[in-house]
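**Q** need a structure here:
(chains A and B, ligands or ions: 2)
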Amino acid sequence: MIELSHIDRHFQVGDQRVKALDDINLHIGAGEYVSIMGPSGSGKSTLLNLIGLLDRPSAGSYRLDGTDVTALSDVEQAQVRNSQIGFVFQMFHLVPRLTAAENVALPLLLAGMTAEARQPLVASALEALGMADRSHHRPEQLSGGQRQRVAIARATVTKPRVLLADEPTGNLDQKAGGDVLAILEGLVDAGITLIMVTHDPAMGGRAQRQLAMRDGRLVSDEQGSPHGDP
Amino acid sequence: MKTADFLSLTGSSLLAHRLRSLLTALGIAVGIGAVVLLTSIGEGLQQFVLAQFTQFGTTIVAVNPGKATTAGTSAGVFGTERPLTIEDAIALEQLPYARAVVPFVQGNAAVEYAGLSRRTTIYGAGPAMPEAFRMAVAIGGFLPEDDPTAPRALAVLGSKLRGELFRDENSLGRRITIAGSRFRVVGVMAAKGTVLGFDLDDTVYIPAARAMSLFNVNGLIEIDVMYDEDTKVETVVEGIRRVLTARHGRDDVTITTQQQMLDVLGGVLDVLTFAVAAIGSVSLLVGAIGIVTIMTIAVNERRNEIGLLRALGARQSQVLSLFLGEAIVLAAAGGLAGLLLGTGLGQLLQFAIPALPVQPSLFYVVLAESIAITIGLLAGVLPARRAARLDPVEALRAE
Ligand SMILES: Nc1ncnc2c1ncn2[C@@H]1O[C@H](COP(=O)(O)OP(=O)(O)O)[C@@H](O)[C@H]1O
Ligand SMILES: [Mg+2]
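**A** Ligands and ions are numbered 1, 2, ... in the order given. All right, here's what the predicted structure looks like:
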């Protein structure tokens, strides 16, 4: 489903050229559970943003379901992000002035869905994450774990095929982090393709497929046991 | 995105910073308020002055000696022009459409009665003056139809002068002394008030020929011709010019129609209203800068939100219109408040100073609100474009 070949991404910092991604070749099939690990600055987020069409490669090709998505216009890329991709961030990125339900409704609202049509979708997305009773709370009234659950509800309310999570437990304590990971793995069981960036080997080790990066390159690609080992 | 959602998103971000939004909108409100108030006063003043001017009637043509050049002075190319005389006025009366012809001389002199003396304006005029200028006589009559070249020494008093000289006494038939000559009072004018700064009640009207010899001048300063409404003003001007050219041997007079006077006056007042609107616009500009500032700050503060919206599938155009929408709502709300402020203050002013006419002009009101919205659009466009063009990855990473 995701096919990256010879992907480069470099940044010009002053007169220095930083190679954030260097000749990445990667195929990820539908329904896979992939973790990306590596030291800070190795290019994990850059790779994830590129897969999520938030960024464009400097060179190479990216095919999503057979179409070359790097050639798409801004409007078409926005459409793909809206309907096929869900993002979960380390910093949650909830809009502080909106309630949980309003935050979850954002992608549907941007797609032009009416308030009546999206109401049941929002309610069931929150319900699935055990946040139904918090739908009228604003982010500041929620704990970190609850915020991330609202963010996951928002990422999944459009029923995307791919979920991209960049250090989703990075700002959470052990307990809340474990809960969030369990929720994400539940989504994998339901058929979603999950690509998760983490620097925690214990977490990354639970994925079926584990990628390691260093200095912008993919240095290992291993199949692990499903959902790790208890 | 549905319009309702667009409005509620816009509204929620403005309400999230209530005080800031209020102050920004206030900047526009003050500007629009100033424009509305000042133009209301300007418009009221304009109507007031025009009403003052047209109260004497609009079918009047003024004839003055000398040819006015563009510089406004007499040209005198062929030596000194011939003076306008009483005989010229008599000749103009022969024009079929001349309803009233009034010769004018003006001067200052002491008017005395029973030991009281008052220096005032003396108008040498003709018997047709009340008809031509729609002026009413309160007591007695106006100057009678004497031989215009040798009229009797009669005088008509302005109401204020009568009061000053005679107090409660009857003035009719009494003899007053003007610049040493004796005149008999035959009438008193109804009070007229001041017109454009001239106190029309503190005057004496005497026959023009008498005034000429009193002030020792050989010409009139003006002849006013009131004509039939049915006659075209061009015909009147042509007729007057033909008569006087024949009498003077050449065309050496300036003929001014009421319409020309109104045009000049209207032009001056338009400039005044415009200038006043321009002053108000400066405060509008300040308001606009306020919007640019606050929207720039908002875009900066909400980079995360912008990045997030883009990640959730917002197009650049949607981000642009969201921020543009906020700027326009701020400006439009401010504009509306400014309209209320301006008209409210106008009413208050009208109440406090009834003499000052305040006339809110629908034209300027509509213009002001359109300007407010346009300002929102212009002020919002740069920050909104910046928001739309932010790189989503960097926007998400911003602290
Ligand atoms: N916008 C940018 N400008 C310049 N350098 C960047 C930019 N984004 C990322 N980089 C660089 O690219 C490299 C990879 O960054 P990133 O993908 O964020 O690493 P990771 O997520 O693995 O910690 C780093 O060296 C980083 O400094
Ligand atoms: Mg990172």
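**Q** for chain B, what is the nearest residue in chain A?
**A** At 2.4 Å from chain B, A:Asn82 is the closest residue in chain A, using CB to the nearest CB. C-betas here are computed from N, CA, C, even on glycine.
**Q** what's in contact with the one helix or strand that residue maps to?
**A** Secondary-structure element containing A:Asn82, defined by DSSP states H and E: helix A:74-84. If you take CB atoms under 8 Å, 6 or more residues apart in numbering or on different chains as the criterion, helix A:74-84 is touched by A:52-54, A:64, A:69, A:72, A:107, A:110-111, A:158, A:160-162, B:310-317.
**Q** select from these every entry located in strands.
**A** A:64, A:162 (DSSP state E).
**Q** tell me who's in contact with residue 164.
**A** By default, I'm working from chain A. A:Leu164 neighbours (CB under 8 Å, 6+ apart): A:48, A:51-52, A:85-88, A:195-196.
**Q** meant chain B, my bad for not saying
**A** With CB under 8 Å, 6+ apart, B:Glu164 has these contacts: B:116, B:118, B:202.
**Q** which residue packs closest to A:Val157, ignoring adjacent ones?
**A** Once flanking residues are discounted, A:Val157 sits nearest to A:Ala125: 4.2 Å by CB to CB, 6 or more residues apart in numbering or on different chains.
**Q** surely that neighbour is in a helix?
**A** Yes - under DSSP: H, G, I helix; E, B strand; the rest coil, A:Ala125 sits within a helix.
**Q** what's the burial count for it?
**A** 26 (other CB atoms under 10 Å in any protein chain shown).
**Q** torsion angles phi and psi at residue 101?
**A** You didn't say which chain, so I picked chain A. phi -60, psi -40 (degrees, to the nearest 10).
**Q** I was thinking of chain B, sorry if that wasn't clear
**A** phi -120, psi 130.
**Q** do A:Glu3 as well
**A** phi -130, psi 110.
**Q** which residues does the residue nearest to it when sequence neighbours are not counted bridge with?
**A** Once flanking residues are discounted, A:Glu3 sits nearest to A:Arg63: 4.3 Å by CB to CB, 6+ apart. Counting by DSSP bridges, A:Arg63 is bridged to A:Glu3, A:Asp68.
**Q** tell me if I'm right that A:Arg63 and A:Pro57 touch.
**A** No - applying CB atoms under 8 Å as the test, A:Arg63 and A:Pro57 come out as separate, 11.9 Å apart.
**Q** so for these two, which sits in the more crowded spot?
**A** It is A:Pro57, of A:Arg63 and A:Pro57, that has more neighbours when counted by other CB under 10 Å, with 19 against 15.
**Q** rewinding a little: got the contact list for the residue nearest to A:Val157?
**A** A:104, A:153-154, A:156-157.
**Q** near ligand 1, which residues of chain B?
**A** Neighbours of ligand 1 within chain B, by CB under 6 Å from any ligand atom: B:Glu394.
**Q** what about chain B, any weak spots by pLDDT?
**A** B:68-80, B:195-197 (pLDDT under 70).
**Q** B:Pro392: neighbour count?
**A** Other residues close to B:Pro392 by other CB under 10 Å number 24.
**Q** with adjacent residues omitted, what lies nearest to it?
**A** B:Arg310 (3.9 Å).
**Q** next up, the contacts around that neighbour.
**A** Contacts of B:Arg310 by CB under 8 Å, 6+ apart are A:54, A:78, A:81, B:316, B:319, B:390, B:392, B:395.
**Q** what secondary structure does B:Val102 sit in?
**A** Classified using three-state DSSP, B:Val102 is strand.
**Q** give the burial count for it, as a bare number.
**A** 24.
**Q** tell me which element the spatially most central residue of chain A falls in.
**A** Using CA atoms, centre = their mean, the residue of chain A that lies closest to the mean C-alpha position is A:Leu164, 1.5 Å off. Under the criterion of DSSP H and E, A:Leu164 resides in strand A:162-166.
**Q** CA atoms of the next helix or strand after that strand as CSV?
**A** Later in the chain than strand A:162-166, the nearest helix or strand by DSSP H and E is helix A:174-189. C-alpha atoms of helix A:174-189 as CSV (Å, rounded to 0.1, in the frame of the first residue of the first chain):
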residue,chain,number,x,y,z
GLN,A,174,3.8,4.7,32.4
LYS,A,175,0.2,3.8,33.1
ALA,A,176,-1.5,6.2,30.7
GLY,A,177,1.1,5.3,28.0
GLY,A,178,0.3,1.7,28.4
ASP,A,179,-3.4,2.4,28.0
VAL,A,180,-2.8,4.4,24.8
LEU,A,181,-0.6,1.7,23.4
ALA,A,182,-3.3,-0.9,24.1
ILE,A,183,-5.9,1.3,22.3
LEU,A,184,-3.6,1.7,19.2
GLU,A,185,-3.1,-2.1,19.1
GLY,A,186,-6.8,-2.6,19.4
LEU,A,187,-7.1,-0.5,16.2
VAL,A,188,-4.5,-2.7,14.5
ASP,A,189,-6.6,-5.8,15.4
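**Q** contacts for helix A:174-189, please.
**A** A:31, A:33, A:88, A:129, A:143-145, A:148-149, A:152, A:156, A:163, A:165, A:168-169, A:172, A:194, A:196, A:203, A:206, A:227.
**Q** which of those residues count as buried?
**A** For the contacts of helix A:174-189, a burial check counting by 16 or more other CB atoms under 10 Å in any protein chain shown picks out A:33, A:88, A:129, A:145, A:148-149, A:152, A:156, A:163, A:165, A:168-169, A:172, A:194, A:196, A:203, A:206.
**Q** so how far is B:Thr257 from B:Arg99?
**A** Using CB to CB, to the nearest Å, B:Arg99 is found at 15 Å from B:Thr257.
**Q** and if you look at B:Lys232?
**A** Taken as CB to CB, the span from B:Lys232 to B:Thr257 is 11 Å.
**Q** more crowded one of those two?
**A** Shown here are B:Lys232 and B:Thr257; by other CB under 10 Å, B:Thr257 has more neighbours (18 against 10).
**Q** would you map out the domains in chain B?
**A** Domains of chain B are assigned by automatic domain parsing as B:3-52+B:264-397, B:82-251.
**Q** just name the most buried of those.
**A** domain B:3-52+B:264-397 (a mean of 19; mean count of other CB atoms under 10 Å in any protein chain shown).
**Q** how far off centre is it?
**A** 28 Å (CA atoms, centre = their mean, to the nearest Å).
**Q** now do it: distance from first to last residue.
**A** 30 Å (CA to CA, to the nearest Å).
**Q** please list the residues of chain A that sit near chain B.
**A** With CB under 8 Å from any CB of the partner chain as the criterion, chain A meets chain B at residues A:49, A:52, A:54-55, A:74-75, A:78-79, A:81-83, A:87, A:89, A:91, A:93, A:95-98, A:106-107, A:109-115, A:154.
**Q** one more pass at 6 Å, please.
**A** A:49, A:54-55, A:74-75, A:78, A:81-82, A:87, A:93, A:95, A:97, A:106-107, A:109-110, A:112 (CB under 6 Å from any CB of the partner chain).
**Q** buried subset of those?
**A** A:49, A:54-55, A:78, A:81-82, A:87, A:93, A:95, A:97, A:106-107, A:109-110.
**Q** now A:Gln210, what's its secondary structure?
**A** Going by three-state DSSP: A:Gln210 is strand.
**Q** element containing the closest residue to B:Gly31 other than its chain neighbours, please.
**A** Ranked by CB to CB, 6+ apart and with sequence neighbours excluded, the top spatial neighbour of B:Gly31 is B:Leu284, at 3.3 Å. Assigned by DSSP H and E, B:Leu284 belongs to helix B:258-301.
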